[in-house]
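**Student:** Sharing a model prediction with you, sequence too.
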Amino acid sequence: MALVDVKGVTKRFGGLTAVSDVDLTVNVGEVHCLIGPNGAGKSTLFKLIVGLYPPTRGTILFDSIDITEERPFARVQRGMSIKMQAPSVFKELPVRQNIQIALQKRLSGAKRVVEEDRLLELLNLAPDSGKLAGALSHGQQQWLEIGMALALQPQLLLLDEPTAGMSPEETFRTGELIQSLNAEGMTVLVVEHDMAFVRQIAQRVTVLHLGKIFARGSLEAIIQDEKVAEIYLGKTHVH
Amino acid sequence: MFKLLDGSQTLGRGPTFWSCFLVVLAAALIYPVFADSYDVGNFSYFFIWIFMALGLCLMWGYGGMLSFGQTLFFGISGYAYGVLAINMGGGSTTIVALVLSIIIAMIAAGILGYFMIWGGISGIFFGIVTLSATLVLAFFLGQTAGPEWRIGSARLNGFNGMKGMDPLAIGDFYIEGVALYYVMVALIVIVYLALRMLVNSRIGNVIVATRENPQRAEMLGYDVRKYQLLTFTIGSGLAGLSGALYTSWGQFITPSSIGLPAAAMPIVWVAFSGRSDLTATLVGSFLLLFGFQTITVYSQQAALVLMGALLLATVMLAPQGFVLGVGKLVADRWSARRQRSSKLALADTSRLQPDET
Ligand SMILES: Nc1ncnc2c1ncn2[C@@H]1O[C@H](COP(=O)(O)OP(=O)(O)OP(=O)(O)O)[C@@H](O)[C@H]1O
Ligand SMILES: [Mg+2]
């Protein structure tokens, strides 16, 4: 069953078509990876799904409901949350308060503090919980943002390059985290460049290139596809 | 609920702070016993403006919305009080007039705020629109000199302003002099503590989150527009409280209490004090009003020039605000003098407490 159903979606910025007539389904309970070279339109597609941009054309369904016209907060309330590519946290507020703001809708009182502590521990941020979020390293801000996204307990978790700025060990731990969330039933859509990471987590892969769906299927099939290797090496731009 | 009095959104917490608070409050309460009635009256006059300053602090410092037009709501409410008090007769109805005029200011803020916020106006444009609305009101009231400009028996009276309304009263008892002073102190304490609770509550969390990063706040499922409208309406209601109190205090109001120089004043007070903290705004605004009044006695021009210079100095030297900066310095010295163990305890209490709303 499809949790997200992107149908014929196009997004133009002036003369530039960042996303062009894309169809994408993300099934309930899968870990789906979206890959593609720089500028392929991956982040734009994410922003279309959460509603930060209105599409030029096309419709987006979530849980079989047409959400194309809905404001971002309403989509989030339906059960999706996002970690964006560029760190997007409350920089002048302490780390713990960042988490608190994400949690306070769902939990209050002592229960919320317990959950704050659990998340801070999980994200390795417990020692820095009193620091301002803006004082964290790039990688730590990524963790914090993942934590805020997780705090909402979404049905669908969107992660745009979650491991950028992380060490290989941290990347591996992130992969384990995603797998355990998925085992508990969370649907996860991930944009990634790190192929080892994609291999670790992906159940299905979609390749985006120049705003269009270029290939889709299992990772094995994708890797063996020579055309995919070519776009990554930039060969299609020659001639 | 009272746990919310202390929290990460307000500087100054713990026994030391609240002891200071009580000492200052006690001093304020016994002040009329020692001071002559002229000084007590002056203090009441300074207190009038504190509400508008606190409201702007909430909107600007906490909510990130710089309204350049808080005297718009000050004026709406001030004139509304005049019209209502004149038409409803004196006595206890003046209290009703006060409440109604604040409500009218809040409704006006709600309407203007709705169109601005839902229309996506933010940042500098928010200031421009609010200032324009303020100037329009001041200009409009300035040309209401003719006898045709009246509401019931209340004449607007152009630049000369509206007069003849009763001051606040309960039955035959006029709230003036020392009584007014105590009412003001009580109102300030109530408003100050209520705002502390608001900014440390979950709503306050969303208000500061919206200032920091509205997109992220929305991505956490909050309709940030509603929170902005709420902040704007509360802040403007406080400006309205100042306006109605002002009219009642002097039994007159003129368009010049709305126009450009008047509109700039709250910004100077709050910027100088430290917009990110309610306590700093309260203390700093009072000090500025006190200083301004003292200098005005000698020369009004000098006082205005000094205000301008202060704003410039604040922007260039202490963009966070002078009072806030001094307050932080004192707090640092204080905690440095303490022993290590109490420092650890401090670090522990500065962890966010769960709220009980
Ligand atoms: N707000 C915008 N206005 C104009 N052009 C944009 C905007 N956002 C993205 N673009 C353009 O759309 C194209 C796709 O950008 P997008 O960020 O979606 O790519 P991406 O696949 O996420 O790339 P990367 O791997 O570098 O993050 C790029 O050419 C980009 O310059
Ligand atoms: Mg991207």
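**Tutor:** Yep, that arrived. Every value quoted in this text rests on a predicted model; they were computed, and no experiment measured them. Ligands and ions are numbered 1, 2, ... in the order given.

**Student:** Backbone dihedrals for residue A:83, please?
**Tutor:** Its backbone dihedrals place residue A:83 at phi -110, psi 120, with angles given as degrees, to the nearest 10.

**Student:** Helices of the chain, residue ranges please.
**Tutor:** Going with chain A. Counting by DSSP state H, chain A forms helices over residues A:42-50, A:72-79, A:95-103, A:109-122, A:138-151, A:168-183, A:195-201, A:219-224, A:226-233, given from the N-terminal end onward.

**Student:** not quite, I wanted chain B
**Tutor:** In chain B, the helices defined using DSSP H lie at B:14-34, B:37-56, B:70-88, B:93-118, B:124-142, B:177-200, B:202-212, B:214-219, B:224-250, B:260-273, B:278-296, B:300-317, B:322-337, B:340-349.

**Student:** hmm, back to that, can I get the helices of chain A in JSON lines with distance to ligand 1 and mean pLDDT?
**Tutor:** Glycine gets a C-beta too; all of them are placed from N, C-alpha and C. Putting those into JSON lines (distance: least, CB to the nearest ligand atom, whole Å; pLDDT from 0 to 100) gives the following:
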{"stretch": "helix A:42-50", "distance to ligand 1": "3", "mean pLDDT": "96"}
{"stretch": "helix A:72-79", "distance to ligand 1": "15", "mean pLDDT": "96"}
{"stretch": "helix A:95-103", "distance to ligand 1": "24", "mean pLDDT": "96"}
{"stretch": "helix A:109-122", "distance to ligand 1": "26", "mean pLDDT": "93"}
{"stretch": "helix A:138-151", "distance to ligand 1": "14", "mean pLDDT": "92"}
{"stretch": "helix A:168-183", "distance to ligand 1": "17", "mean pLDDT": "92"}
{"stretch": "helix A:195-201", "distance to ligand 1": "13", "mean pLDDT": "90"}
{"stretch": "helix A:219-224", "distance to ligand 1": "16", "mean pLDDT": "82"}
{"stretch": "helix A:226-233", "distance to ligand 1": "12", "mean pLDDT": "75"}
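
**Student:** Next, the contact list for the nearest residue to residue B:113 once chain neighbours are set aside, please.
**Tutor:** Once flanking residues are discounted, residue B:113 sits nearest to residue B:232: 4.1 Å by CB to CB, 6 or more residues apart in numbering or on different chains. If you count contacts by CB atoms under 8 Å, 6 or more residues apart in numbering or on different chains, residue B:232 has them with B:59, B:63, B:65, B:67, B:109, B:113, B:117.

**Student:** List just the nearest of those to residue A:176.
**Tutor:** For these, the residue nearest residue A:176 by CB to CB is residue B:63; the value is 40.0 Å.

**Student:** Give me the neighbour count for the closest residue to that closest one other than its chain neighbours.
**Tutor:** For residue B:63, the nearest residue in space outside its immediate sequence neighbours is residue B:231; the separation is 4.0 Å by CB to CB, 6+ apart. A total of 28 residues lie near residue B:231 under the criterion other CB atoms under 10 Å in any protein chain shown.

**Student:** So, low pLDDT: which residues of the stretch 201-350 of chain B?
**Tutor:** Applying pLDDT under 70 to the stretch 201-350 of chain B flags residues B:338-350.

**Student:** so what's the residue of chain A found nearest ligand 2 up against?
**Tutor:** At 3.1 Å from ligand 2, residue A:43 is the closest residue in chain A, using CB to the ion. Neighbouring residues of residue A:43 by CB under 8 Å, 6+ apart: A:84-85, A:160, A:191.

**Student:** Recalculate using a threshold of 6 Å.
**Tutor:** Residues counted as contacts of residue A:43 (CB atoms under 6 Å, 6 or more residues apart in numbering or on different chains) are A:85, A:160.

**Student:** and what of residue A:39?
**Tutor:** For residue A:39, no residue meets the contact criterion (CB under 6 Å, 6+ apart).
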